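*Asks:* Sequence and predicted model, in that order:
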Amino acid sequence: MSTLYQYSHFLAISHGLYDGTISVQNLMQYGNFGLGTFHALEGELVVIDGQSYHCTQGVKTSIANVEDTLPWAAVGNFTENIKTANLQYIVDFKTLEDTLLKLMETTNYPFLFHIEGTFENIVIGSVLKQEKPYPKIKEIIDSGVTVETGKIKGQLVGFYAPEFMFPMKGKGFHLHCLEEKQRFGGHVLELTLKEGSVKFECVTEIKLELPQNEIYQKAQFSHYEQDEHVAVFNNKHNNGLIGLEELIKLYEVRLPYCRNHIEDESQFDQNLPKLLTLFKLFNENESLLVEVSDKAKQALVKLIKRTSEYMLSVKRNCDFVIRYNNWGLQLIKNYAIKDIVREQITLLNHLGFAYYFLNEIGKGNALSLTKARESLERALDLNRGKAHDLMAYAHCILGQVELFEKNDKKAYELFSKAYSFYRHKKDNDSFELKQALLDIQNDIDNLKKNLTQEERNDKYQAMVVLGYIADTKAMHQPHEFSEKCYLLCIAFIKIYWQHDTLQSADLYYRLAKLHQKSGHPKKALESYKNALNIYVEISGIDHPKVYELSQEIGVIP
């Protein structure tokens with residue numbers, strides 16, 4: 001009978017012990033067939049006929065480096081007691097399990113399996129490499145995505161473990177796959193087998209080796225809750241190549257959104273890990289997009305746009321926006337994606353803001369300002385009057401670039417145009433400050449009346465621009481006008497959203513600077529504290545402005 005060699009155990013992985021502590025070379029002396037996972041969960045191990053393979057993200061496979069390390073693995077050898085059987089059409093993984101259980105004739109022993117065949121489809125679970133401090137396995141699986149192979153020839157290898165072996169070994173069937181041409185490989189979640197054959201053997205001897213390092217020695221394994229540690233991918237059944245149907249569902253259903261604001265930030269927080277995994281998976285394996293539908297490509301670009309809006313408005317994550325908006329623009333160009341002009345303009349606008357904001361928080365330079373201008377000017381050229389709100393957005397950010405460089409006259413012109421686009425839906429040169437203040441006061445008084453969402457959005461954005469106009473006037477004029485403008489804008493936001501936002505914090509920050517410049521230190525301190533509290537409440541202590549404000553007022557949040 002066969003012998004199973006297992007390094008470490010299921011509970012250790014469940015507790016986040018992902019550091020590799022045995023090399024592939026050392027593992028291979030114990031068996032010619034098996035599976036495992038690599039250091040920091042960076043891919044899956046598949047061992048077939050004495051050859052070890054490293055499979056990452058479901059779509060990258062290569063011969064494993066013998067020096068690579070593993071936190072967990074299991075291998076075995078077939079002996080003269082091997083059994084074989086033919087397999088005919090098997091509709092899903094559950095049917096495969098039932099078929100193998102009948103062949104086994106007993107469930108009181110582990111079994112080693114090797115299946116070869118032609119598959120209509122295999123669904124592979126995929127996660128990204130983890131960084132310390134390692135999250136729990138359930139959190140990682142929840143953020144994982146699935147890869148679907150379509151019609152392939154390939155092999156499966158793995159084990160059956162009786163329930164009584166849990167949690168030393170994951171109970172039931174655990175199989176990894178390798179496609180014939182090595183385009184796909186990894187942890188099998190679902191499959192449809194057209195035809196094939198199986199080799200299997202009962203395991204009557206188990207050799208368990210435990211890691212010998214300090215982290216393992218200090219881990220607490222004395223108690224566990226089964227539900228806590230049995231992690232299951234929650235999107236096994238996708239109809240697209242790499243969860244594209246799931247991606248479209250995320251775009252259309254899970255992440256409600258309107259212009260200016262993410263309607264439900266908790267939904268984004270819950271889905272963000274999976275979104276980021278999807279984006280990285282596509283970004284690093286873009287050739288997989290060649291065969292997918294135009295609708296799916298459109299959905300991907302729209303989801304990039306939507307997520308970048310969230311990353312800008314809530315997280316202020318400029319690096320994400322720059323990387324993925326550039327990628328989204330490249331996708332539109334490479335695949336000639338149709339009916340996506342508005343999204344293309346928005347990606348350019350977001351890029352412009354991200355490049356500009358790097359300078360505002362002290363991480364940019366002259367090149368980033370140049371890139372901001374280039375992106376925004378491209379957006380304006382592409383727009384050509386198509387959408388007044390996107391025209392206004394580009395003018396507003398360009399105005400901020402000019403304001404940053406203290407070109408207040410140019411900034412004022414751009415902000416005035418932006419205000420007119422939002423307020424009048426056209427370029428109107430007859431902008432008057434007194435009338436603008438009356439308008440915003442009137443908006444505050446009437447916002448709760450029956451207005452369309454677009455009307456509310458335009459009033460909100462006109463208010464945002466008015467705040468920047470106040471910045472330009474604060475350079476040269478008495479501070480009373482700008483102070484009144486900032487306070488009206490803060491009051492407007494409170495009514496519009498029914499709570500303070502990051503825009504409120506920005507306004508408090510600018511108001512504090514105004515008070516400081518005008519010789520009102522007590523008012524400045526109060527405004528700084530208001531800004532700090534909002535930044536921390538919404539974005540946490542990692543918001544770029546928090547450190548600066550903490551230094552300014554001597555308070556560490």
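*Replies:* Right, received. Where do you want to start?

*Asks:* top helix in this protein by residue count?
*Replies:* helix 453-474 (DSSP state H).

*Asks:* how many neighbours does residue 186 have?
*Replies:* 30 (other CB atoms under 10 Å). Any C-beta I mention is one placed from the backbone N, CA and C, and that applies to glycine too.

*Asks:* Could you report the pLDDT at it?
*Replies:* If you check residue 186, the pLDDT there is 95.

*Asks:* picking that back up, which of the residues in the longest helix of the chain are buried?
*Replies:* 456-474 (16 or more other CB atoms under 10 Å).

*Asks:* Share the number of residues neighbouring residue 212, please.
*Replies:* 9.

*Asks:* Which residue is the nearest non-sequential neighbour of it?
*Replies:* The shortest distance from residue 212 to any non-neighbouring residue, by CB to CB, 6 or more residues apart in numbering, is to residue 21 (7.5 Å).

*Asks:* Next up, the contacts around that neighbour.
*Replies:* 7, 8, 69, 70, 71, 211, 212, 213, 216 (CB atoms under 8 Å, 6 or more residues apart in numbering).

*Asks:* would TSV of the residues you listed with distance to residue 413 be doable?
*Replies:* Converted to TSV, these look like this (distance: CB to CB, whole Å):
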residue	distance to residue 413
7	68
8	66
69	61
70	62
71	60
211	66
212	70
213	65
216	66
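
*Asks:* which sections of the stretch 451-557 of the chain are below the confidence cut-off?
*Replies:* Confidence mapping of the stretch 451-557 of the chain against pLDDT under 70 gives the ranges 478, 554-557.

*Asks:* how about the helices of it, start to end?
*Replies:* 453-474, 479-497, 502-517, 521-539, 544-553 (DSSP state H, counting those that start in this stretch).

*Asks:* Turn these into JSON lines, including distance to residue 100.
*Replies:* Below are the helices of the stretch 451-557 of the chain laid out as JSON lines (distance: least, CB to CB, whole Å):
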{"stretch": "helix 453-474", "distance to residue 100": "55"}
{"stretch": "helix 479-497", "distance to residue 100": "56"}
{"stretch": "helix 502-517", "distance to residue 100": "55"}
{"stretch": "helix 521-539", "distance to residue 100": "51"}
{"stretch": "helix 544-553", "distance to residue 100": "55"}
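
*Asks:* how near is residue 202 to residue 107?
*Replies:* 11 Å (CB to CB, to the nearest Å).

*Asks:* If you could redo that for residue 476, that was the one I meant.
*Replies:* Where residue 107 is concerned, residue 476 sits at a distance of 83 Å (CB to CB).

*Asks:* How about residue 158?
*Replies:* For residue 158 relative to residue 107 (CB to CB), the value is 16 Å.

*Asks:* Among these two, which residue is more densely surrounded?
*Replies:* residue 158 (23 against 14).

*Asks:* ok, for the residue positioned nearest the centre of the chain, nearest residue in space, not its chain neighbours?
*Replies:* Central residue of the chain (CA atoms, centre = their mean): residue 276, 1.9 Å from the mean position. Setting aside the residues directly before and after it, residue 276 is nearest to residue 143 in space (CB to CB, 6+ apart), at 7.7 Å.

*Asks:* isn't the one you found right up against residue 274?
*Replies:* Yes. Checked against CB atoms under 8 Å, the pair residue 143 and residue 274 is within contact range at 5.0 Å.

*Asks:* residue ranges with poor pLDDT in the stretch 1-150 of the chain?
*Replies:* Using pLDDT under 70, the flagged stretches of the stretch 1-150 of the chain are 1.

*Asks:* That one: strands as residue ranges?
*Replies:* Using DSSP state E, counting those that start in this stretch, the strands of the stretch 1-150 of the chain run over 2-7, 22-23, 33-37, 44-48, 51-56, 60-63, 69-70, 72-76, 83-90, 111-126, 145-148.

*Asks:* Any chance of the ones you listed in TSV with mean neighbour count as columns?
*Replies:* Output for these, formatted as TSV (neighbours: other CB atoms under 10 Å):
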stretch	mean neighbour count
strand 2-7	22
strand 22-23	17
strand 33-37	25
strand 44-48	25
strand 51-56	21
strand 60-63	16
strand 69-70	20
strand 72-76	27
strand 83-90	14
strand 111-126	22
strand 145-148	24
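
*Asks:* In a markdown table: those, plus distance to residue 334.
*Replies:* Below are the strands of the stretch 1-150 of the chain laid out as a markdown table (distance: least, CB to CB, whole Å):
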| stretch | distance to residue 334 |
| --- | --- |
| strand 2-7 | 44 |
| strand 22-23 | 40 |
| strand 33-37 | 34 |
| strand 44-48 | 30 |
| strand 51-56 | 24 |
| strand 60-63 | 21 |
| strand 69-70 | 37 |
| strand 72-76 | 39 |
| strand 83-90 | 38 |
| strand 111-126 | 23 |
| strand 145-148 | 21 |
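
*Asks:* among those, which is nearest residue 532?
*Replies:* strand 145-148 (37.3 Å; CB to CB).

*Asks:* Beyond that closest one, next helix or strand please.
*Replies:* strand 152-161 (DSSP states H and E).

*Asks:* Parallel or antiparallel, list what pairs with that next one.
*Replies:* strand 111-126 (antiparallel), strand 172-179 (antiparallel) (DSSP bridges).

*Asks:* Just the CA atoms of that strand, as CSV, please.
*Replies:* Extracted in CSV, the C-alpha atoms of strand 152-161 (Å, rounded to 0.1, in the frame of the first residue of the first chain):
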residue,chain,number,x,y,z
ILE,A,152,-8.5,21.5,-22.6
LYS,A,153,-6.6,18.3,-22.1
GLY,A,154,-5.0,18.0,-18.7
GLN,A,155,-4.2,16.1,-15.6
LEU,A,156,-5.5,16.3,-12.0
VAL,A,157,-3.5,15.0,-9.0
GLY,A,158,-4.4,15.0,-5.3
PHE,A,159,-5.8,13.2,-2.3
TYR,A,160,-8.9,12.1,-0.5
ALA,A,161,-8.8,12.5,3.3
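
*Asks:* For the residue nearest to residue 276, give me its contacts.
*Replies:* 127, 273, 274, 276, 277.

*Asks:* Residue 553 against residue 529, yeah?
*Replies:* Yes. Counting by CB under 8 Å, residue 553 does reach residue 529; the two are 6.2 Å apart.

*Asks:* so who does residue 191 touch?
*Replies:* Counted by CB under 8 Å, 6+ apart, residue 191 has contacts 90, 92, 93, 96, 119, 121, 122, 123, 156, 177.

*Asks:* One more: residue 337?
*Replies:* Taking CB under 8 Å, 6+ apart as the test, what residue 337 contacts is 294, 297, 298, 301, 331.
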